[in-house]
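J.: quick one, what's the 3D model for this:
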Amino acid sequence: MNPIAARGSEPGDWGRLLNAYFGAERGMEQREPALRGVLEQQGFGQK
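T.: Sure thing, here's the model as predicted:
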C-alpha cells in the first residue's frame, strides 16, 4: 500500500498522509458537514 502514500518520485510518508486527512483543521474535518448532508438527503443520516 506504500504507493498510495507516495508523492511523485518520493517514497510514501504515512504520517504526512494521515495528518493531511485526519489532523486538526484538515481535509476530512472540513468535508464532514457536506458528506453528512448528502447522507441525510439519501436517507442515511442520523435521526
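J.: next secondary structure after the helix-or-strand element of the chain with minimal mean pLDDT?
T.: For the chain, counting by mean pLDDT, DSSP states H and E, helix 2-5 ranks last in confidence among helices and strands (a mean of 68). Sequence-wise, the next helix or strand downstream of helix 2-5 (DSSP states H and E) is helix 14-22.
J.: show me what the mean pLDDT comes to for that following helix.
T.: Average pLDDT, helix 14-22: 78.
J.: name the helices or strands packed onto whichever helix or strand comes after it?
T.: Using DSSP H and E, the helix or strand that directly follows helix 14-22 along the chain is helix 27-41. Packed against helix 27-41 by the contact rule (3 or more Cβ pairs under 8 Å, 6 or more residues apart in numbering; DSSP states H and E) you find helix 14-22. Backbone N, C-alpha and C define where each C-beta goes, glycine included.
J.: between the helix it packs on and helix 27-41, how many degrees?
T.: 40 degrees (axes from the mean of the first three to the mean of the last three Cα atoms, to 10 degrees).
J.: from the chain's centroid, how far away is helix 14-22?
T.: 9 Å (Cα atoms, centre = their mean, to the nearest Å).
J.: other SSEs contacting that helix?
T.: Using 3+ Cβ pairs under 8 Å, 6+ apart, helix 14-22 sits against helix 2-5, helix 27-41.
J.: show me the contacts for W14.
T.: A5 (Cβ atoms under 8 Å, 6 or more residues apart in numbering).
J.: any idea how far G23 is from it?
T.: Using Cβ to Cβ, to the nearest Å, W14 is found at 13 Å from G23.
J.: what number of residues lie near the nearest residue to D13 once chain neighbours are set aside?
T.: Spatially, and ignoring its direct neighbours in sequence, D13 is nearest to A5 (5.9 Å; Cβ to Cβ, 6 or more residues apart in numbering). Neighbour count for A5, taken as other Cβ atoms under 10 Å: 16.
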